[in-house]
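Peer 1: quick one, what's the 3D model for this:
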Amino acid sequence: MSEKTKCKRCLLREAFPQDYEKYVAGLLLKIPEKDKAPEGTYQQRLAVCQSCGQLQNGTCMGCGCLVELRAAYKKEKCPFRKWM
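Peer 2: Modelled structure (predicted):
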C-alpha cells in the first residue's frame, strides 16, 4: 500500500507500521498490567473495530479514540456497544 492510498479501515499498526512503535506501541507498554485486557479479549475487540464503518486510520470516528488503546484497557467499552 503506498503512502497515498492508506486503508481507512486499518489499525495504526497496519496503516503506519513505521510510526506504530513510536506512538501506540509505546503507550501500550505504559498501561499497568492490572488495567490491561487479556490478549484474547484485546484481539477480539480489534477485530470488531476493524469491521466497523467508524474506523479510520486507527481512530474511531464516532468518539475520536485510538481504538488500539481503548481496546487494551480492561474496563473500557465500545461507545457503540459492539464490545464490552
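Peer 1: list the buried residues for stretch 68-83?
Peer 2: Judged by neighbour count using 16 or more other C-beta atoms under 10 Å, the buried positions of stretch 68-83 are 68-73, 76, 78, 83. The way it works is simple: take the backbone N, C-alpha and C, and place the C-beta from them, glycine included.
Peer 1: mind checking the end-to-end distance for it?
Peer 2: Terminal residues of stretch 68-83 are spaced 13 Å apart (C-alpha to C-alpha, to the nearest Å).
Peer 1: so where's this protein uncertain?
Peer 2: Along the chain, the model assigns pLDDT under 70 to residues 1-9, 21.
Peer 1: give me that answer again for 50
Peer 2: Within the chain, the stretches with pLDDT under 50 are 1-2.
Peer 1: skipping adjacent residues, who's closest to the residue nearest to the spatial centre of the chain in space?
Peer 2: With distances taken as C-alpha atoms, centre = their mean, Glu68 lies nearest the centre of the chain, 2.0 Å away. Nearest residue to Glu68 in three dimensions, chain neighbours excluded: Val24, at 5.1 Å (C-beta to C-beta, 6 or more residues apart in numbering).
Peer 1: burial of the one you found, as a residue count?
Peer 2: Other residues lying near Val24 total 20 when counted by other C-beta atoms under 10 Å.
Peer 1: can you map out the strands along this protein?
Peer 2: 55-56, 59-60 (DSSP state E).
Peer 1: quick one: Thr59 and Val67 touch, right?
Peer 2: Yes - checked against C-beta atoms under 8 Å, the pair Thr59 and Val67 is within contact range at 7.1 Å.
Peer 1: more crowded one of these two?
Peer 2: It is Val67, of Thr59 and Val67, that has more neighbours when counted by other C-beta under 10 Å, with 25 against 18.
Peer 1: now that one: closest residue in space, sequence neighbours ignored.
Peer 2: Cys49 (4.3 Å).
Peer 1: ok, that neighbour - contacts?
Peer 2: 11, 55, 60, 67, 71, 78, 82 (C-beta atoms under 8 Å, 6 or more residues apart in numbering).
Peer 1: what do you get if the cut-off is 7 Å, keeping everything else the same?
Peer 2: Cys49 makes contact with 55, 67, 71 under the criterion C-beta atoms under 7 Å, 6 or more residues apart in numbering.
Peer 1: before I go, just wanted to say thanks for your time.
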